[in-house]
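# Quick one, structure for this:
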Amino acid sequence: MEVKIVRVAGYLVSLLAILAWIPSIDGEMELGSRVSIPVPPAYEEGFEARAFIIQTVAGALPTFKLALAIYGRGGVYLCRLEVVQDGFVMWKSGCTRRFVPVDMCVIFLSNDGDLLLSDGMGTVGWSTNTSNRGVKFIQLKRSGNLVLRNRFRRMVWQSFDFPCDKLLWGQKLRNSQQLLSNGSDYSLSIQHNELVLKWHGLNYWTTKVNTKDIDYAQIGRHGIELWCNASLHTIVGPSSSSPIHFISLGQTGILTMYTYGPPWMPIIVAPNGSCNNPEACGPYGVCTEGVIASNNNDTNSISCSCLPYFQSTTLSQGCMLPTQFTFNFCGKPTEFLELRGFDSPLMGLTKNLSSKACANACLEDCTCIAAISTNSSICYLYTQLQSIRRRPSKSEELKMYVKIPKGLSTRGGGKAKKMRMLFVILGACVDMIALILIGTGVMYYFYVYKRRQVSSATPQM
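The predicted structure is shown next:
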C-alpha cells in the first residue's frame, strides 16, 4: 500500500491523501506495506503533514495512532515516524536524530522484516535493524507500544525499549536508558541509587533510594515508582487522586506527570520552584523567587537581574561581561566577585575543601569560572554557569566566587565599589525592612490596645 499526501495552498488534495487520514483500526501493518509523503517543492516554515497508518481500538482514553510525519523546521523538511495520542507525540523514530529527505518521506516494512524510514532514493534515515529475524507484521498496542512480531506473535522489537522524552504507563526506564528533552539539553536517568535530572551532564535535581541500586523506574497509579530487586522502594512526585498516564521531560527541563480528565492535566514533579531550573534567568542571571496568591493557590514568580559589573542582554539570554572583556580566563589575570547567600541549581565538580581552598582551586584552574563553598566544607567547581539563585536565608551558609577579569571590579572607581557593596547588602536590607515593618505593626497594636484600656478605665461623667 502506498499513500501520498500533497499540500497546496494550505489544502490536502487527492483521494489517496484523504484516505490516508482514515487509519486502519486493526492496529496492525503487514510485510510490504509502504506509506509516503512527498516533500513540498517550496519550503514553508512550520509546515506539518501526517499520514495516519494504524490506530488502537477506542477506549476510555484517546486512541494511539501511528503516523508518518513531515515538518518544515529551520529551513529544511524533516521526516519521522511517530506514535501520537490526542495531540501529544509519545514516541518518535530516532528521538533526537534528524532525517532530511530529498524528495519523499517513506516508511516501509520490507519483506525481510526491517522497518525503514527513507527518502525513496536509497538513503535510510532510521530503521529497526530487524532484517531476517522472522518479523511478519507491526502492531500498535493499546498501551502506545509499537511492536514488531514474528509468525508466532512473539515480540522481536518494541518502541518501549527506545524512550524519547516521554515514559508511558507500562513502560520501564532502565538504568541503561534515559529520557531526552527535545534539543537534548536535559535528561532523566538512573545513576546507581538515584533518579537524576541533568542539564548538559550536570545534575540539578535528584532523589535517592537508601538501599541498593535502582533497577528501573516506571509509572505507578500515583507517581513514579523506583524498583530495586523486584521490590518497590520509593514513589516520586506529588500525590494525585487520578491515575498517571505518562510523564514528559519538557524543553525547559521540567519533569511533568499527566492525568486524564478529560482534558489532560499536568502535575509538575521537578524541579520544585522556578529558580531551581538551570536556565531560569540565563547565563550569569540572578534569579529571585517570590510567591503570589492567585485563586487561593500559590504560584511561583521570579525576577531576573545581573551580577555587579555584568550587563543584561534579554530575560532569556542572561547577562554578559562588558564587550571589551571575555570569559576566556586562561593566560589572563583574574579575580573573584565574592557573594554570600547565592548558589547555582547545578551541581558542579564536588570536593571536600574549606572556603579558602575552594576559591584557590578555582583560581588555579583557568577553565573554572565559579566556585561555591558551604559551611560544611563542601566545594562545587564550575566550568560552565547558568542561572544563579539568590538565597538570602542561607547568607551565612553559602559563599559564591564568580571569576571575573582582574581590574573589572575597580573599573569606574568608587562607583563600581559602591555598586558591589549595594548588591551584597541588598538581601540584608530587604530582610531588615521586613522586620521593621513587623515591629512597627506590633508596637502600633499594643499602643492602640493600651489606649483602649485607659479609655475603658476612665470614669464617665
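# Could you report the neighbour count for Phe52?
By other Cβ atoms under 10 Å, 19 other residues sit near Phe52. Backbone N, C-alpha and C define where each C-beta goes, glycine included.
# Can you verify it is assigned to a strand?
Yes: counting by DSSP: H, G, I helix; E, B strand; the rest coil, Phe52 is part of a strand.
# So it versus Ser118, what's the distance?
Between Phe52 and Ser118 the computed distance is 19 Å (Cβ to Cβ, to the nearest Å).
# now the strands for the stretch 51-200 of the chain?
Along the stretch 51-200 of the chain, the stretches classed as strands by DSSP state E, counting those that start in this stretch are 64-73, 76-85, 88-92, 104-109, 115-118, 124-127, 135-140, 146-150, 155-158, 166-168, 172-174, 178-180, 186-191, 194-199.
# okay, the ones you listed in TSV with distance to Thr334 next?
Shown next, in TSV, are the strands of the stretch 51-200 of the chain (distance: least, Cβ to Cβ, whole Å):
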stretch	distance to Thr334
strand 64-73	41
strand 76-85	42
strand 88-92	45
strand 104-109	52
strand 115-118	50
strand 124-127	47
strand 135-140	58
strand 146-150	53
strand 155-158	53
strand 166-168	44
strand 172-174	42
strand 178-180	35
strand 186-191	30
strand 194-199	25
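# Mean pLDDT, distance to Cys379 and mean neighbour count added to the ones you listed, as CSV?
Formatted as CSV, the strands of the stretch 51-200 of the chain follow (pLDDT from 0 to 100; distance: least, Cβ to Cβ, whole Å; neighbours: other Cβ atoms under 10 Å):
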stretch, mean pLDDT, distance to Cys379, mean neighbour count
strand 64-73, 95, 42, 21
strand 76-85, 96, 44, 21
strand 88-92, 96, 41, 21
strand 104-109, 94, 52, 23
strand 115-118, 96, 48, 21
strand 124-127, 96, 44, 17
strand 135-140, 95, 51, 21
strand 146-150, 96, 47, 21
strand 155-158, 98, 45, 16
strand 166-168, 97, 35, 23
strand 172-174, 96, 32, 18
strand 178-180, 96, 28, 19
strand 186-191, 96, 21, 21
strand 194-199, 95, 20, 20
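# and Trp264, which of these is closest to it?
Among the strands of the stretch 51-200 of the chain, the nearest to Trp264 by Cβ to Cβ is strand 88-92 (7.6 Å).
# now the angle between strand 64-73 and the closest one, please.
90 degrees (axes from the mean of the first three to the mean of the last three Cα atoms, to 10 degrees).
# from now on call the first residue 14
With 14 as the first residue, the last one maps to strand 101-105.
# hang on, the earlier thing: closest to His235 out of the strands of the stretch 64-213 of the chain?
So among the strands of the stretch 64-213 of the chain, strand 179-181 is nearest, using Cβ to Cβ, at 15.2 Å.
# quick one, phi psi at the most centrally placed residue in the chain?
Of all residues in the chain, the one closest to the mean position by Cα atoms, centre = their mean is Gly266, 1.5 Å from it. When read as degrees, to the nearest 10, the backbone of Gly266 gives phi 80, psi 10.
# now the residue lying closest to it once chain neighbours are set aside, which residues is it bridged with?
Of all residues not flanking Gly266 in the chain, Tyr199 sits nearest, at 4.0 Å (Cβ to Cβ, 6 or more residues apart in numbering). Applying DSSP bridges to Tyr199 yields these beta-bridge partners: Trp212.
# and the closest residue to Thr396 other than its chain neighbours, what is it in contact with?
Distances taken as Cβ to Cβ, 6+ apart put Thr380 closest to Thr396, at 5.0 Å, once the chain neighbours are dropped. By Cβ atoms under 8 Å, 6 or more residues apart in numbering, Thr380 lies in contact with Phe342, Cys343, Thr396.
# Surely Ala374 is in a helix?
Yes: with three-state DSSP as the criterion, Ala374 is assigned to a helix.
# Report the contact partners of it.
Residues near Ala374 by Cβ under 8 Å, 6+ apart: Lys364, Leu366, Cys381, Ala384, Cys392, Leu394.
# isn't the last one right next to Leu376, touching?
It refers to Leu394. No: if you go by Cβ atoms under 8 Å, Leu394 and Leu376 don't touch, sitting 10.6 Å apart.
# These two: which has the busier surroundings?
A direct count of neighbours by other Cβ under 10 Å for Leu394 and Leu376 places Leu394 higher, at 20 against 16.
# Could you give the bridge partners of the more buried one?
For Leu394, the beta-bridge partners are Leu362, Ala384 (DSSP bridges).
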